[in-house]
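Student: sequence? don't have it. structure:
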């Protein structure tokens, strides 16, 4: 990753449950391009677990760690929009996160060596009741990306934290285009002997897809460190009946 | 929306029924990036009502109004491509629209304080029979985005207009990723007492999602001013059997 | 296509079976934006034939020909990732292709007037077992896009070639958002009298959609030169039961 131009030192990354086709992602990008011109905007997930900040929190923490410092994550999995949940900015290990304070950043913050949290103090001219992603979070993400001070007040309480959530989540948190099922478990906390039980099946750990015969189900460490369930030359979701939310058990 | 860089003063917005995954949106963007380098291109809808310029016209008019002046909308919902329909440019209230003259811009034009319409006079070197979005409309959109004069002749007749279409459309025009169903009705023309009848159900108006108990269906004004049917913590499309084209009745 | 800015002289085009929603396309774009800042990145196909480099090869060859010289194609249809297949760079008729040497570039190379092939010699700091698109191919594509020498060694053997594959593929290789079914057959090698037999039906050639009555199935030359099966005002995939892989027979 050499040869950075100054303008590209930062990047805005989208993590939402909005879908890409409809108007929501596009309207947020329109705000970002106007307020932070020239800053690249990358779609990471537009299909995070729908309306589920808890499952999303484990997915976000695993994928955000791959990005460079100064990256700004604009994150919207926000079933409580228009209600009481706070709107927050988190700085964690040099990366910025903007979104609802509903637990979505709990695992990022818990795993960070260093973090600071802010209540958003920016008041847009128009704030719709149902689309804070466009009206509130996108402008704040743009400000951070262009180097402004965080438009917020340091948060001192823990109203946005979820201390009762586990360190790793024994559930399927994402099913990809190939039918592979990511869990909320970090492979690094599991041993090479660990088996995962899912949908009545017990699965062994493999190193790569080629390790197992075609049609065999197994789990492996994916390219972002999550334990992922797969079938060599097949679809794990169909073969095992998996979906986001399917429970997983760890057999040590 | 402060701090605009000159290069970002304009933006090209895509409104199509092409889908994002296949080659059509990408090939149009390749033309735009080559002919109008540095101008941001935003996907607004890639899943406008399929082959339905009428339903699309109400969706476009509601969403285009949110964008800044000088925005160029490249719009392709064009079941008659290769046939007789004209290829037009519309300037309305400072925004530009490029696409087929099949009624797609009818509601934008009708609601505009000020508008001008042009027949496209640009002749590309190669014009495929089935992909005017790439070969004709994208080059014209790029020209407008970079500040060229509109490459067309002022249109004096009304061959592209649809005076018989209603001012608001009592139909579902879009179902989003959450299962919410947007109608072609502007909430501003309905009162707080207005009920909407859809699929055998009568729905009351709510202010926000939190206004109604979980599982309850209702309608509300969405973030772009359309009357939208939703279910708190549920999917309105599944719960009520709604799809694009479902009829809606207004109960005053 | 006049008025190019120097920075936009090149473009990176993505051709994958990854999907757009999940993390894979976004992570590749993050690498590209960091290593080749300012170079436009265009999604051509994110839903190439899943895990099928052979069908994908015919689709890629048809669509790549439309792009300008110097375009860099980052191509990942790679069921053998982590196994023995080579990682290659192909230069063909002035365009660059980066991806797995599993036949994906066979038709591009076979149809090129002039080509050179390289084994990738770049070794990233971290190479995951399952995501060479992000860790290996994207950095190499970025290097080529910014004008570096190809980071590889000239390949002298034919281990990546597939001489047994036909010059045109009599199969459905893509079904688009409208239900139209593209074949791997170039229309230019078929006559105006050629009929295509598919799913028990014999289809005549049409020039445009308007040539045939509503509901009629036919084939025509699509905007990138492939023989494509369509139904006027209908969906060919549903009407004829077509999917990627469906066999097509040529009736001269």
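Tutor: Now that the structure is in, tell me what you want to look at. If you're wondering where the values come from, they're calculated on a predicted model, not measured in any experiment.

Student: Show me what from the stretch 1-150 of chain A comes close to chain B.
Tutor: Within the stretch 1-150 of chain A, the positions near chain B by C-beta under 8 Å from any C-beta of the partner chain are A:17-27, A:29-31, A:33-35, A:37-38, A:47, A:50-51, A:79-83, A:128-131, A:134-135, A:139, A:146. The way it works is simple: take the backbone N, C-alpha and C, and place the C-beta from them, glycine included.

Student: How about the stretch 151-252 of chain A?
Tutor: Counting by C-beta under 8 Å from any C-beta, no residue of the stretch 151-252 of chain A is near chain B.

Student: Do a quick rundown of the helices in chain A.
Tutor: A:23-35, A:53-64, A:106-111, A:132, A:138-145, A:236-240 (DSSP state H).

Student: Mean neighbour count for those - can I get that in TSV?
Tutor: Below are the helices of chain A laid out as TSV (neighbours: other C-beta atoms under 10 Å in any protein chain shown):
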stretch	mean neighbour count
helix A:23-35	24
helix A:53-64	26
helix A:106-111	21
helix A:132	22
helix A:138-145	26
helix A:236-240	19
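
Student: can you map out the strands along chain A?
Tutor: Assigned by DSSP state E, the strands in chain A fall at A:12-16, A:41-45, A:72-76, A:87-92, A:95-100, A:115-120, A:152-154, A:169-175, A:181-186, A:195-198, A:201-203, A:217-221, A:226-231, A:249-251.

Student: So for residue C:10, which of the ones you listed sits nearest?
Tutor: Residue C:10 lies closest, by C-beta to C-beta, to one member of those: strand A:41-45, at 19.5 Å.

Student: now that closest one and strand A:72-76, what's the angle there?
Tutor: Here the directions of strand A:41-45 and strand A:72-76 differ by 50 degrees (axes from the mean of the first three to the mean of the last three C-alpha atoms, to 10 degrees).

Student: if we can go back for a sec, turn the strands of chain A into TSV, columns for distance to residue C:43.
Tutor: Formatted as TSV, those follow (distance: least, C-beta to C-beta, whole Å):
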stretch	distance to residue C:43
strand A:12-16	15
strand A:41-45	10
strand A:72-76	20
strand A:87-92	30
strand A:95-100	25
strand A:115-120	32
strand A:152-154	35
strand A:169-175	20
strand A:181-186	22
strand A:195-198	33
strand A:201-203	33
strand A:217-221	28
strand A:226-231	24
strand A:249-251	38
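
Student: I'd like those strands laid out as a markdown table, including mean neighbour count.
Tutor: Below are these laid out as a markdown table (neighbours: other C-beta under 10 Å):
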| stretch | mean neighbour count |
| --- | --- |
| strand A:12-16 | 25 |
| strand A:41-45 | 24 |
| strand A:72-76 | 27 |
| strand A:87-92 | 23 |
| strand A:95-100 | 26 |
| strand A:115-120 | 19 |
| strand A:152-154 | 13 |
| strand A:169-175 | 22 |
| strand A:181-186 | 26 |
| strand A:195-198 | 20 |
| strand A:201-203 | 16 |
| strand A:217-221 | 23 |
| strand A:226-231 | 25 |
| strand A:249-251 | 12 |
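
Student: Now distance to residue B:190 and mean pLDDT too, for those, in CSV please.
Tutor: Listed next are the strands of chain A as CSV, based on distance: least, C-beta to C-beta, whole Å; pLDDT from 0 to 100:
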stretch, distance to residue B:190, mean pLDDT
strand A:12-16, 29, 98
strand A:41-45, 35, 98
strand A:72-76, 28, 98
strand A:87-92, 30, 98
strand A:95-100, 30, 98
strand A:115-120, 32, 97
strand A:152-154, 37, 97
strand A:169-175, 39, 98
strand A:181-186, 43, 98
strand A:195-198, 49, 98
strand A:201-203, 53, 96
strand A:217-221, 53, 96
strand A:226-231, 47, 97
strand A:249-251, 52, 97
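
Student: Leaving out the residues flanking it, which one is nearest to residue A:169?
Tutor: residue A:184 (2.8 Å; C-beta to C-beta, 6 or more residues apart in numbering or on different chains).

Student: how distant is stretch A:98-118 from the center of its chain?
Tutor: 11 Å (C-alpha atoms, centre = their mean, to the nearest Å).

Student: I misspoke; the intended subject was stretch A:178-195.
Tutor: Per C-alpha atoms, centre = their mean, the displacement of stretch A:178-195 from the mean C-alpha position of its chain is 17 Å.

Student: ok, residue A:25 - contacts?
Tutor: A:14, A:16, A:18, A:19, A:43, A:46, B:43 (C-beta atoms under 8 Å, 6 or more residues apart in numbering or on different chains).

Student: any chance of those in CSV, plus distance to chain C?
Tutor: Converted to CSV, the contacts of residue A:25 look like this (distance: C-beta to the nearest C-beta, whole Å):
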residue, distance to chain C
A:14, 8
A:16, 10
A:18, 10
A:19, 7
A:43, 5
A:46, 5
B:43, 10
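
Student: can you tell me which two in those residues are farthest apart?
Tutor: A:16 and B:43 (13.8 Å).

Student: hang on, the earlier thing: quick one: contacts for the residue nearest to residue A:169?
Tutor: A:55, A:58, A:59, A:168, A:169, A:170, A:171, A:173, A:226.

Student: Tell me if I'm right that residue A:181 and residue A:196 touch.
Tutor: No. Assessed by C-beta atoms under 8 Å, residue A:181 is found out of contact with residue A:196, at 10.3 Å.

Student: so what sits against both of the two?
Tutor: Overlap between the contact sets of residue A:181 and residue A:196, as judged by C-beta under 8 Å, 6+ apart, is given by residue A:229.

Student: that older thread, how about the strands of chain A, which one is nearest residue B:112?
Tutor: strand A:41-45 (30.1 Å).

Student: Find the centremost residue of chain A, please.
Tutor: Most central in chain A under C-alpha atoms, centre = their mean is residue A:60, positioned 2.0 Å from the mean C-alpha point.

Student: who's in contact with that residue?
Tutor: So residue A:60 contacts A:15, A:48, A:73, A:75, A:104, A:105, A:107, A:108 (C-beta under 8 Å, 6+ apart).

Student: Is stretch A:99-110 in proximity to chain C?
Tutor: No. When contact is scored as C-beta under 8 Å from any C-beta, no part of stretch A:99-110 falls within range of chain C; the minimum is 15.5 Å.
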